[in-house]
Structures are given as C-alpha cells and as structure tokens.
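> sequence first, predicted model second:
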Amino acid sequence: VLAKTVLWTDTFDGPVADDWTLADDGRETAGVAAGPWIGWTRTTRDEWVDAFHGDQRRTFTRASRGLMVVEGSPSRPRRGQRAWRADLISPSVPLAPGARCELAFDSHYRGGRGPAPLVFIRFDTGERRDLLSYRHLLPDPSDGRRRVVRRRERLRFQVPADAHAAVGTWRCPATATLRYWAIDNVEVSEPLPDLAPGTLPLVTVDTISDIQGTKGNRRLPAVISGLRALHRAEPARSDAHALVLNGDLVPFSSQHSWRALQEALNQVPYDGQVLATPGNHDFYGFAPQGTKRRFLEQRALIQGDDPQLAGFDDVWQEYVIDGTWPIIMVGSEHYNMIARRAGGPFVTFSRRQLDWLDARLGHWEARGVPVLLHSHQVLPNSVGGTYTTFSRRDYGPHEEEFVAILSAHRHLVLYTSHTHWPITSNDWAVQYRAGAVHPIPVVSTGAITTAYGPSGNTGESPLPGEHPSGVRTKIYDDRVRVAAWSFAAAEPRLLRRGAF
C-alpha cells in the first residue's frame, strides 16, 4: 500500500530534536525561538488553537500531535522594523547518488501579498535546489489572502551524481500580512517508479455511500451508469469487481425507505458483486433491535446469494475477489437513536467483532495482501470534515482499540464516509497518525446525497448544487491506487488521485 521506501521522517511528536536548526535572517538561534511564538515554534495543534483562536487553525487535521508553526501576529515586524525571515532547517539526510527522491510534508498556510514561503534543499556538494514557492498562489476571493489548506506537499527531485546527502529548509518571511504557516509529518522517500503506460490493474473496487432517500435514490441510477462506463474505459486484468455501499443507504429504517432503495438499485444493475455496510441512518428508528434486523434482511437482498457471504450473520463480513483480494466490512452492532438523540457516539463493537477484525487483518498481512477495509463512521481529525463538532466521537469508547488494531497492521486502506464533504479537498485521502503506531491510510468516499462544507471554526452547512461522488480503487502488483470521481454530469469526471 505504501508505494515508497522511507529514508527519513519526523512528525514533531517526540522530544525536541537537537538536529533541527532555527535561523532568523540567516543567523542560527541554536534551536531556540527568538521569543514566545516568534519565528518557528514547536507546539501541538491544541496548544496553537488555544493560543490563537479561529482563522481555520483547528482545521489543520493532518497534524497529529506536534507540529511546527510560524504565527503571524507575534512574528510580523512592528512599525519601523523591516521584514525578516524565519528558517527551519532539517538534519542532513543520507541519499543515494542519482536517486529519484521525494520530500513530502503537510502544510497549512494563510498569508497575503509580498514575499511568500519557500522550500529548498541543499546538497552536500553545495548545490541549492528550490522545490516550492507559495508566491504564485491565487488570492482567495473571500479575503484576498493566499492560502494552502491541509495539503500534503510532494516535491520530487533527482539527487546529483556526486551528492550523498541533503538538508531541507522551510523559509517563512515574517511580513505584515502573514497569518500563519504550519507544517508537520516531514518525510524523505524513494517512491516507486511510475506505472508503465498501459499497465492494467489486477482488480477494481468501487465505493459509494450516503444515499439517504429521495435525492440520493434519484441520483443512484446515473451513478451506477457512470461506474459501468468506467469499467469499459478502464478495464482490469480480471473481470471480477465489486461495489461497496458504505453505509447510510436509507434516511430512516423503514420498509418504505428500503423498498425505495431497492427500486433505485434495480433500475441500473451494477455489473459485479454489490456489498453493504451499516451507517448510523440505517439504524435510525424507534425500535433499535428491529433496525438492525431490518438492515441484515435488506443487506441479504442487496448482496444476493454469493456463497462467500452465507456464513456472516452479523454486520461484519469479508468478501474476497478472485480468491485473492479481500474487502472487509465492519460496523456498529447497536444504536439507540432515542437515547443518543440521533448523535454520537454511533458505534458499538462487540469483543467478537474486534477479535475477528484483528485476526483477519493478521491473516492477510501474513500473505502480503492489501485489505480494503470499509467502515461508515469516521475517525476524528482524519479526512475532510472530521474536525467538526458532529464528527469528533463516532467510535466513542471503542476508538482507541479500533485505531490500535488498524495501526498494528501495515497493509490496509480504511474507507470512511458519513461527513458528506466533497472529495475535492486536499485531505480527502490522508495518513492518519493520531494515536497510531503506524500511519493508517484513510480515504473519504464522499456522498451521493447532499454535500456539506465548513461553517465557522467547528461547524458545517449544506452546499448548493449537485455533488454526487464516489471512489474507485485499483490494485496492482506492487501498489494500491485510489481515485475520486464526480457523477454530477452525464460523464464521470475525475476529481482526485490518491497517493500515500
């Protein structure tokens, strides 16, 4: 899944590293900031948000615990003072001469006109190579500021034939218009070579979610038609493929809602195996045990009579494409809408389900096979929209153990839904690090029904227009690749490609 060889990384989560250097206007400061929040400061996201409220700082969900930040108001020059620059300089990273490498980091920036942040590397030969500048960013129409929102910057470079190491520099001009620049999760790697033209995936898997009634049912036939068109345009080596409906299939668990969904699915049948996971809306009802039973009954109708699925009598299940490529689906076993007032936590896992999940992940890991793991609910501060108040506690008391199980296995991709945020944002596919031993690749599946976007610092609101979207996953011999697609028009439109 991780299609690269990591040479060096720093997440700023541990003790302060002596081998990072701070410099103000080229003068080293022995790793100590010039004053409180002046220049580059090592902190945590919570400390930063508490010290400087608002202005979308909280939305930097790519940051795990520690991060580095230049905060504008303490650092900008006062009247009569000239602008200055703050440099953050990495330790020296050994490199192979002639190697093709990548410098990556998470970035969250708001600034104005004038000098802009710059990232460059300097090889041990003395050669400097500029890799990134924010000078050419277009100003945001809302406030005229340049911004980068929760972006994973990936900067490719070729090592000179006579070079054996390099250091990286993050240069932030402290100007009157700077709000902040925060970075985290710095990494130097040797990525896999690009796929050769014409390389076909072994298999493909489609994922959509959040259909939720009349609007979603109306769009569903066009979405499935779009997926079928992609099958014809992007064939795989195997004809076998699958579609996962990743939760919130209906708005409310009633016979009418499920019947309407079945009718929409039947209009344009998917040309492969259809699978389903439960979402919180699928358990909305006044009789909690009845909603679970109804979901399992309706899931059986959706999935058909494939013998692989016959032995699964609860919400979790596994389906293996071509006898090799596993899709694992997990979900809540109970939810009381009345007691929870239709809010979180939404997930109740039994010991049986968690132990089964751990065992199956271990089984496939021992065979070196990637797992496509589907769960409707989201991890807090992971993909787009998960910093909002509504999405902070989906898993409740089960969150810590769920994350521990996933991060103990390094061969999976987790697909989550629930937020309805468009999968056009920079954080639609991320590496989840909070509380994880190893980063967990997480992908947002968008929504078929109404899309949502940010409102204020911790809220969200519906977006105008049509935004039905979904995710296509391709499994190759040596990598897994994901792509986000829009189905708002007659022809599918590529939105994003995922790279971990």
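Great, that's in hand. Numbering: from 1, shown residues only.
> please pull out the lowest mean pLDDT helix or strand from this structure.
Here the helix or strand of the chain ranked lowest by mean pLDDT, DSSP states H and E is strand 27-28, holding a mean of 57.
> ranges for the strands of the stretch 201-350 of the chain?
With strands called from DSSP state E, counting those that start in this stretch, the stretch 201-350 of the chain shows them at 203-208, 241-246, 273-277, 317-321, 325-329.
> minimum distance to residue 468: which of these has it?
Of all these, strand 203-208 sits nearest to residue 468, with 8.2 Å by CB to CB. C-beta: built from backbone N, CA, C; applies to glycine.
> just give me how far the closest one sits from the chain centre.
17 Å (CA atoms, centre = their mean, to the nearest Å).
> now do it against strand 317-321, angle only.
140 degrees (axes from the mean of the first three to the mean of the last three CA atoms, to 10 degrees).
> okay, now the sheet partners of strand 203-208, with direction.
strand 241-246 (parallel), strand 469-475 (antiparallel) (DSSP bridges).
> can you lay out those as a markdown table showing mean neighbour count?
Converted to a markdown table, the strands paired with strand 203-208 look like this (neighbours: other CB atoms under 10 Å):
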| stretch | mean neighbour count |
| --- | --- |
| strand 241-246 | 26 |
| strand 469-475 | 25 |
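> for residue 220, which of these is the nearest?
Proximity to residue 220 (CB to CB) singles out strand 241-246 among the strands paired with strand 203-208, at 9.6 Å.
> give me the contacts around the closest one.
203-209, 211, 224, 227, 231, 270-277, 279, 302, 319, 321, 327, 329, 372, 374-376, 415-417, 445 (CB atoms under 8 Å, 6 or more residues apart in numbering).
> can we see that at 6 Å?
204-207, 209, 270, 272-277, 321, 374, 376, 415, 417, 445 (CB atoms under 6 Å, 6 or more residues apart in numbering).
> try stretch 469-479
Residues from elsewhere that reach stretch 469-479 (CB under 6 Å, 6+ apart): 3, 201-208, 325, 423, 443, 445-446, 481-486.
> let's go with 7 Å and repeat that
Residues outside stretch 469-479 that contact it (CB atoms under 7 Å, 6 or more residues apart in numbering): 3, 192, 195, 199, 201-208, 223, 230, 325, 370, 372, 415, 422-423, 443, 445-447, 480-487, 495.
> swap in stretch 166-178?
So stretch 166-178 is contacted by 70, 72, 75-77, 83-93, 95, 103, 111-124, 181, 183 (CB under 7 Å, 6+ apart).
> of those residues, just the buried ones, PyMOL syntax please.
Typed into PyMOL, the line below selects the buried ones among those, using 16 or more other CB atoms under 10 Å:
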select buried, resi 70+72+75+76+84+85+86+87+88+89+90+92+93+95+103+111+112+115+116+117+118+119+120+121+122+123+181+183
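> among the contacts of stretch 166-178, which are in strands?
Using DSSP state E, the members of the contacts of stretch 166-178 that fall in strands are 70, 84-89, 93, 103, 111, 118-123, 181, 183.
> now residue 53: phi and psi?
phi -70, psi 150 (degrees, to the nearest 10).
> buried residues in the lengthiest helix in the chain, which are they?
In the chain, taking DSSP state H as the definition, the longest helix is helix 214-233. Going by neighbour count (16+ other CB under 10 Å), the buried part of helix 214-233 is 216-217, 219-228, 230-231.
> can you check stretch 98-112 too?
Along stretch 98-112, these residues count as buried under the neighbour rule (16+ other CB under 10 Å): 101, 102, 103, 104, 105, 106, 107, 108, 109, 110, 111, 112.
> what is the mean pLDDT for that stretch?
Stretch 98-112 comes out with an average pLDDT of 95.
> could I get it in CSV with only the CA atoms?
Listed next in CSV are the C-alpha coordinates belonging to stretch 98-112 (Å, rounded to 0.1, in the frame of the first residue of the first chain):
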residue,chain,number,x,y,z
GLY,A,98,21.5,9.8,-8.7
ALA,A,99,18.4,8.6,-6.8
ARG,A,100,14.9,9.8,-7.6
CYS,A,101,13.5,11.1,-4.3
GLU,A,102,10.6,12.9,-2.8
LEU,A,103,10.3,15.4,0.0
ALA,A,104,6.8,15.5,1.5
PHE,A,105,5.2,17.4,4.3
ASP,A,106,1.8,18.6,5.5
SER,A,107,1.1,22.3,5.0
HIS,A,108,-1.5,24.8,6.3
TYR,A,109,-0.8,28.4,5.3
ARG,A,110,-2.5,31.8,5.3
GLY,A,111,-0.7,34.9,4.0
GLY,A,112,-1.0,38.0,1.9
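> start at 32, not 1
Happy to do that; since the first residue is 32 now, the last one works out to stretch 129-143.
> buried set for stretch 295-304?
Within stretch 295-304, the residues that count as buried by 16+ other CB under 10 Å are 295, 296, 299, 301, 303, 304.
> turn the residues you listed into JSON lines, including distance to residue 79 and pLDDT.
As requested, those are exported to JSON lines (distance: CB to CB, whole Å; pLDDT from 0 to 100):
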{"residue": "295", "distance to residue 79": "46", "pLDDT": "97"}
{"residue": "296", "distance to residue 79": "46", "pLDDT": "97"}
{"residue": "299", "distance to residue 79": "48", "pLDDT": "95"}
{"residue": "301", "distance to residue 79": "45", "pLDDT": "96"}
{"residue": "303", "distance to residue 79": "46", "pLDDT": "94"}
{"residue": "304", "distance to residue 79": "46", "pLDDT": "96"}
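> mind putting the strands of the stretch 232-381 of the chain into CSV with distance to residue 377?
Listed next are the strands of the stretch 232-381 of the chain as CSV, based on distance: least, CB to CB, whole Å:
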stretch, distance to residue 377
strand 234-239, 19
strand 272-277, 14
strand 304-308, 13
strand 348-352, 19
strand 356-360, 16
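> which of these sits closest to residue 337?
With CB to CB as the measure, strand 304-308 is the member of the strands of the stretch 232-381 of the chain nearest residue 337 (6.3 Å).
> residue 271: neighbour count?
Neighbour count of residue 271, defined by other CB atoms under 10 Å: 18.
> quick check: it touching residue 352?
Yes: taking CB atoms under 7 Å as the definition, residue 271 is a contact partner of residue 352 at 5.0 Å.
> which neighbours do the two share?
Counting by CB under 7 Å, 6+ apart, the residues touching both residue 271 and residue 352 are residue 234.
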